[in-house]
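Chemist: no FASTA, just this:
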């Protein structure tokens, strides 16, 4: 028997609220399956399970706000489907009330069980009810697939897609975090960044990189492609960072328990601004093993899901380094704050035309500022400088990225 606990989805997370379970006791699960929706200050996150087995019991109920590390469910590892058990219900029904009392109760209180089965209301998770209202879905026509027949978010989404496939998005454009306390979100971010500056001895390096070869190659490559398959120059930057980490692995990992722990892969976190305010830092996994096309697809998918509230827990917890690119905002240089427990952050500004001297000649070249914020407990300026130099070399040979 093992315990599935509330995961830490970043240094700025202390609590999480179970919104909905996607499993019930007796369900067989495998590592990576989404088993619950958890609300944090960053929004509502799809939480994956860390090991395979069979769900024995659901310990924490929807609506409960619990600290990171709290047991959410118990799991058996025998791989055999358990016999059905009386599972805790996502929504607990109140005792049956006399008809005279029911008539006085507001119709919105779905937790009160009607005396007549003919008017029995469906069991609905809180988030599913909210989505149904936003999407105009009639809950009485939905068959629930959750525990004890409860209607889940997925059920509402399927019903909405069937009724309005062309116009109804699964989640509103502002994302699942709609209605969150932005002041609270900023407080959480502030706490994480204050911790970073207080505990991490930062050092900062900067270099300017000639982007002519990269941009010329990109223009030629994109000229061969349909519009939907064209690459953005940002994928070249992210790919160059990932490949440069192979030669400076001490920048790729975490500081934990007073020691450096290398990352098991090169998972590059991408700083993404949300439409409703705030930032998230989800990771693209194994960037060094992806082609530019795969990386472009992964990056677009990640940005879209971050802004629509469909991020997974592994994407928020697995990042081994962060890249922030503020070029589109007109910023020429950015010296970022390391996102703990990571030990490095790379920043890129906008590409600008600047005077450039080479071989005794002065010309104009497209240049970009690349910066490194790194943890002095793990690396030093010499290693950081080699890392930035390797990024520059890689960007001078874009066809081999």
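Modeler: Received, thanks. This is a predicted model, so every value here is computed, not measured.

Chemist: ok but residue 364 is inside a strand, no?
Modeler: Yes - judged by DSSP: H, G, I helix; E, B strand; the rest coil, residue 364 forms part of a strand.

Chemist: with adjacent residues omitted, what lies nearest to it?
Modeler: residue 353 (5.1 Å; C-beta to C-beta, 6 or more residues apart in numbering). Using the backbone N, CA and C atoms, a C-beta is placed for each residue, glycine as well.

Chemist: also residue 7?
Modeler: For residue 7, the spatially nearest residue (C-beta to C-beta, 6+ apart) is residue 313, at 5.4 Å.

Chemist: ok, so what distance separates the one you found from residue 257?
Modeler: 22 Å (C-beta to C-beta, to the nearest Å).

Chemist: circling back: which residues touch the residue nearest to residue 7?
Modeler: 7, 9, 38, 45, 46, 47, 48 (C-beta atoms under 8 Å, 6 or more residues apart in numbering).

Chemist: then residue 39?
Modeler: Taking C-beta under 8 Å, 6+ apart, one finds 16, 17, 19, 45 in contact with residue 39.

Chemist: let's see that with 7 Å instead.
Modeler: Neighbouring residues of residue 39 by C-beta atoms under 7 Å, 6 or more residues apart in numbering: 16, 17, 19.

Chemist: what about these, which are in helices?
Modeler: Assignment to helices by DSSP state H places none of those there.

Chemist: and stretch 271-290, what's buried?
Modeler: Under the neighbour-count criterion of 16 or more other C-beta atoms under 10 Å, stretch 271-290 has 271-272, 274, 276, 278, 280-288, 290 buried.

Chemist: run the chain-centre distance for that stretch.
Modeler: From the chain centre to the centre of stretch 271-290 is a distance of 7 Å (C-alpha atoms, centre = their mean, to the nearest Å).

Chemist: do stretch 52-62 as well
Modeler: The chain centroid and the centroid of stretch 52-62 are separated by 23 Å under C-alpha atoms, centre = their mean.

Chemist: just stretch 32-43 next, same as before
Modeler: On C-alpha atoms, centre = their mean, the centre of stretch 32-43 falls 9 Å from the chain's centre.

Chemist: ok, back up a step: need the contacts of residue 39 in JSON lines (columns: neighbour count).
Modeler: JSON lines is the format used below for the contacts of residue 39 (neighbours: other C-beta atoms under 10 Å):
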{"residue": "16", "neighbour count": "26"}
{"residue": "17", "neighbour count": "17"}
{"residue": "19", "neighbour count": "22"}
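
Chemist: walking through the stretch 251-400 of the chain, point out its strands one by one.
Modeler: 253-256, 259-262, 268-270, 272-273, 279-280, 283-284, 321-325, 344-348, 352-358, 361-375 (DSSP state E, counting those that start in this stretch).

Chemist: ok, which of the ones you listed comes nearest residue 200?
Modeler: Counting by C-beta to C-beta, residue 200 lies closest to strand 361-375 out of the strands of the stretch 251-400 of the chain; the figure is 5.2 Å.

Chemist: quick one: strands adjacent to the closest one?
Modeler: strand 202-210 (antiparallel), strand 344-348 (antiparallel), strand 352-358 (antiparallel) (DSSP bridges).

Chemist: ok, and what's touching the last one?
Modeler: Spelled out, it's strand 352-358. Under C-beta under 7 Å, 6+ apart, the answer for strand 352-358 is 210, 332, 362, 363, 364, 365, 366, 367.

Chemist: among the residues you listed, name the buried ones.
Modeler: Judged by 16+ other C-beta under 10 Å, buried ones among those: 210, 332, 365, 366, 367.

Chemist: count the neighbours of the closest residue to the second one other than its chain neighbours for me.
Modeler: Right, the one you point to is residue 332. Leaving aside its chain neighbours, residue 332 sits nearest to residue 349 (4.2 Å; criterion: C-beta to C-beta, 6+ apart). Residue 349 has 22 neighbouring residues, counting by other C-beta atoms under 10 Å.

Chemist: and residue 349, what does it touch?
Modeler: Per C-beta under 7 Å, 6+ apart, neighbours of residue 349: 326, 327, 331, 332, 333, 334, 368, 369.
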